[in-house]
Each structure stands twice: as structure tokens, then as C-alpha cells.
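S.K.: coordinates only, sequence not included:
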């Protein structure tokens, strides 16, 4: 039997991303951004939360490399960094 070799750094990296996702509001943001980019204003209005709260959650996701951002004038638009996030959320939504 072959011994399993764990890459602790890789596991910590993955766990950090999962911790960033593991919040209902951040899951909702990822779900909203499937196949489109939205401004901070559109995100907080759709979620019916304060702008500061939306920015907080967006920064966590962006800092973990899960979101891309693009500035257009005074607005910042966010999009998913990878299609895999959409697939992960779809998988979670199928679980009961």
C-alpha cells in the first residue's frame, strides 16, 4: 500500500479559500456573480445589505483570489475568478 503524502501548504491554502466562502452572504455573492459581473451598488441592493457590509465580504473574497475586480470610473465591478466557483455553489445547492 502506497503511503499518502499530504502537502500541508496546499491544504492550508485550500482551507483558507473554503473559510472565505463559508458565509451565507459570501455564498449569495458568488451565486449572484455566476456568468456576469456586477457593481458593488448592484450587489448590496440585490442582497438588501449595507454598502459597508457588501464591501467587507467582497474584499474577503477578492483577497483570497476568488473574485476579480475592474474599476470603471467611480464604480468597481466584481466577477468570479474561476468557473469552478459556480460549479462548487451548484454542487452545494444540489445537496440536501
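M.R.: Yep, that arrived. If you're wondering where the values come from, they're calculated on a predicted model, not measured in any experiment.
S.K.: contacting residues around the helix or strand of the chain with the lowest mean pLDDT?
M.R.: Sorting the helices and strands of the chain by mean pLDDT, DSSP states H and E puts helix 83-94 at the bottom, at a mean of 78. Helix 83-94 is contacted from outside by 21, 27, 30, 31, 34, 35, 66, 80, using C-beta atoms under 8 Å, 6 or more residues apart in numbering. For every residue, glycine as well, the C-beta is placed using N, CA and C.
S.K.: closest to residue 50 out of those residues?
M.R.: Nearest to residue 50 among the contacts of helix 83-94, counting by C-beta to C-beta, is residue 27 at 18.2 Å.
S.K.: surely the closest one meets residue 21?
M.R.: Yes: contact status for residue 27 versus residue 21: in contact at 6.5 Å, counting by C-beta atoms under 8 Å.
S.K.: for stretch 58-72, buried residues please.
M.R.: Residues 58, 60, 61, 62, 64, 66, 67 are the ones in stretch 58-72 that count as buried (16 or more other C-beta atoms under 10 Å).
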